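Trainee: Okay, predicted coordinates and the sequence, questions at the end:
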Amino acid sequence: MTTTGSHAVQDSSIHPVVAEKLAALGPGHPRLIELFNAVSAALKQVVREHHVTHEEYCQMVEFMFGVAGEGEMGLICDLILEAAVVESDYAASAGTAFNAEGPYYIAGSPRLDVPCRMPMRPDEGGTPLLFTGGVSDTQGRPLAGARIELWHSTHDGLYSNIDPEVPEWLLRGQFVADEQGRFEVRTIRPEPYEISRHGPVGRMLHAMGRHRFRPAHLHLKVSHPGFRQLTTQIYFDADPYLDSDAANCVHRSLVIRLDGPSQAEAGSAYGFDAPFLTGRYDLVLQPAA
Ligand code: DHB
Ligand code: FE
C-alpha cells in the first residue's frame, strides 16, 4: 500500500491529541486490548467468510484515505456505527430515548434569551416552526433551568460551521427551560438531509444503489445538574425517509407531528411574519449514575 504525503499532513493536527490520550492510558490498558482484539477478530472473520482479495483490501485503504482527506471520518463512523453504539449503551435507560449525535455537533453555540429565536438570516428559507416542550425527570417533576442545545440544518441541507456557504452559528443555539421546565424556540423546519453527493461517503452509498438521505431532524443535547446528559434527535411524521434513514438512526418514540400552519399573528411574541408550524416534545432526563 502506498500513500501520498499530503494525507499525513492533513491528519497531523490530531496527532498530538491522540498521542496524549494514548499516553494517559498507560501501557497494557485492559479495555483497549479487549476491544482491539475483538475488532481485529471480527474483521478477520469478514475477510475469511467473504474471501476478501488483496486488491479489495487496497481499495478499502485507499477509500479510507479519501474519507480522511475530505474530512468525512466522523461522517463514516457515525453512518456505520453510531446508531448501534447508542442503542447498546443506552438500551436499558428510562426517559427519552438517546439518539446519535451525528458528525456536526459543535459546543459553545450562542445563548438565546426568551423569546428564543434561533440564529437565522432575515430571509431564512424553509417553513417557520415553533418548537416547544418541557424537560422533566422520570417522575414527571419539571427541571427548571435545564439547558437545551439545539442544532439542525438549513432547509437546503447545510450545517453552519461545517459548510462555508452558511454564516457561523446559523441554526445553532442554547437556552434554558423556565420555572415549569418549559421551553419555546422559534426556528425553521429542516427538510430531509442529503449526505454530500460529492464526497467519498456519498459516492459509496450511490455505488451501492442506496440513497443518501436522512429524514429531517432536529438535534438536541439536554443537561441538568444531577442528570445524565441526553443527546437525541427529533423527527417529523410523514417524512418520506423515516423508514430508510441513510444513517439508520430513527426511533419511533422520537417522531412528532407538526401542526399548522397557524396564522402568523398567533405567534406575535416571536414576531412570525408568515404562517408557522408548531411541534412539541417533552424530554425526560434520567438521574446521573
Ligand atoms: C449523520 C447524522 C446526521 O445527523 C447528519 O446530519 C448527517 C449524517 C450520520 O450519522 O451519518
Ligand atoms: Fe444531522
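Mentor: Looks like it arrived, so ask away. Ligands and ions are numbered 1, 2, ... in the order given.
Trainee: Report the secondary structure state of the residue nearest to the spatial centre of the chain.
Mentor: Note on the chain: the residue nearest the mean C-alpha position is residue 102, at 2.8 Å, using C-alpha atoms, centre = their mean. Counting by DSSP: H, G, I helix; E, B strand; the rest coil, the backbone at residue 102 sits in coil.
Trainee: Would you mind giving both backbone torsions of it?
Mentor: phi 80, psi 170 (degrees, to the nearest 10).
Trainee: And it, how far from residue 199?
Mentor: Distance of residue 102 to residue 199, computed by C-beta to C-beta, to the nearest Å: 15 Å. From N, CA and C alone the C-beta is placed, and that goes for glycine too.
Trainee: Residue numbers of the chain in contact with ligand 1?
Mentor: 75, 78, 79, 82, 100, 102, 103, 104, 193, 195, 214, 247 (C-beta under 6 Å from any ligand atom).
Trainee: Most neighbours among those, which one is it?
Mentor: Of all these, residue 214 has the most neighbours under the rule other C-beta atoms under 10 Å, reaching 28 neighbours.
Trainee: ok, that residue touching residue 244?
Mentor: No - between residue 214 and residue 244 there is no contact, the gap being 9.6 Å when judged by C-beta atoms under 8 Å.
Trainee: if we can go back for a sec, which one of the residues of the chain next to ligand 1 is nearest residue 227?
Mentor: Of all those, residue 227 sits closest to residue 100, with 19.9 Å by C-beta to C-beta.
Trainee: so who does the spatially closest residue to that closest one that is not a sequence neighbour touch?
Mentor: Distances taken as C-beta to C-beta, 6 or more residues apart in numbering place residue 82 nearest to residue 100, at 4.2 Å, with adjacent residues excluded. The contact partners of residue 82, by C-beta atoms under 8 Å, 6 or more residues apart in numbering, come to 100, 101, 102, 247, 249.
Trainee: And what about residue 82, helix, strand or coil?
Mentor: Classified using three-state DSSP, residue 82 is helix.
Trainee: what does residue 202 give?
Mentor: Residue 202 ends up helix, using three-state DSSP.
Trainee: Can you get me a residue count around it?
Mentor: Neighbour tally, residue 202, other C-beta under 10 Å: 18.
Trainee: can you tell me how far whatever residue of the stretch 101-250 of the chain ends up closest to ligand 1 sits from residue 86?
Mentor: Ligand 1 sits closest to residue 102 of the stretch 101-250 of the chain, with a gap of 2.7 Å, by C-beta to the nearest ligand atom. Distance, residue 102 to residue 86, by C-beta to C-beta: 11 Å.
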